[in-house]
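this one's structure only:
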């Protein structure tokens, strides 16, 4: 079994954490996040340290214990440092651009694909082929990156498409000529 839920979370000095019934609020200079946790979990704050404990000893409580700890830790890390995902576009004629706040992708389709980011997500484009997605919520940053990648995932023969920066695309051997 995982013991992630037992780990304590240190609160940086520039972040304020408050608990109201079953909701935890994290506020800092980058923004504010909240999370409604289960009644199977108790959260207590002492001396800039957050500790999560289970109220029952069930398998569901154990699973939610580790999940809640990870979510609260990601909230604090997001408010203090932020999260970032980088995507790379490979292929002749494939490019991206920013128009207002929305991202426009020209990926070889008969029409450009327009993606509207949520309010706390910033998208930057460098060299028309590098996309940087940043924000304070790890879940939404990853979801937007996955949505952008799903427009044209990398294909295994030439490697064309959208991939994460350090992602390795396994290549297949093409047809053998006679």
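That came through fine. Note that the coordinates shown come from a computational prediction; the quantities given were computed from them, not determined experimentally. Numbers count the residues shown, from 1 in each chain.

pLDDT weak spots in this protein?
For the chain, applying pLDDT under 70 flags the ranges 1-2.

Kindly state the domain boundaries assigned to it.
4-80, 83-164 (automatic domain parsing).

contacts for the biggest helix by length in the chain?
Under DSSP state H, the helix in the chain containing the largest number of residues is helix 59-80. Contacting residues not belonging to helix 59-80 are listed as 1-5, 7, 9, 11-12, 14-15, 17, 24, 26-33, 35, 37-38, 40-41, 43, 50, 52-55, 83, 135-139 [C-beta atoms under 8 Å, 6 or more residues apart in numbering]. Heads up, the C-betas are built off the backbone N, CA and C, glycines and all.

Buried only: go through those residues for me.
5, 9, 11, 15, 17, 24, 26, 28, 30, 33, 37, 40-41, 43, 50, 52, 54, 83, 135-138 (16 or more other C-beta atoms under 10 Å).

which ones among those are found in strands?
Judged by DSSP state E, strands contain the following of the buried ones among the contacts of helix 59-80: 9, 17, 24, 26, 28, 33, 41, 43, 50, 52, 54, 83, 135.

of all the residues you listed, which comes closest to residue 169?
residue 83 (23.3 Å; C-beta to C-beta).

Could you double-check that the closest one sits in contact with residue 139?
No - counting by C-beta atoms under 8 Å, residue 83 stays clear of residue 139, with 9.3 Å between them.

still on that earlier bit, specify the angle between the longest helix of the chain and strand 49-54 in degrees.
Comparing the axes of helix 59-80 and strand 49-54 via axes from the mean of the first three to the mean of the last three C-alpha atoms, to 10 degrees yields an angle of 160 degrees.

Tell me the buried residues in helix 59-80?
Quick answer for helix 59-80 (16+ other C-beta under 10 Å): 61-62, 64-70, 72-80.

Next, the angle from it to strand 23-28.
Going by the same axes, to 10 degrees, helix 59-80 makes 20 degrees with strand 23-28.
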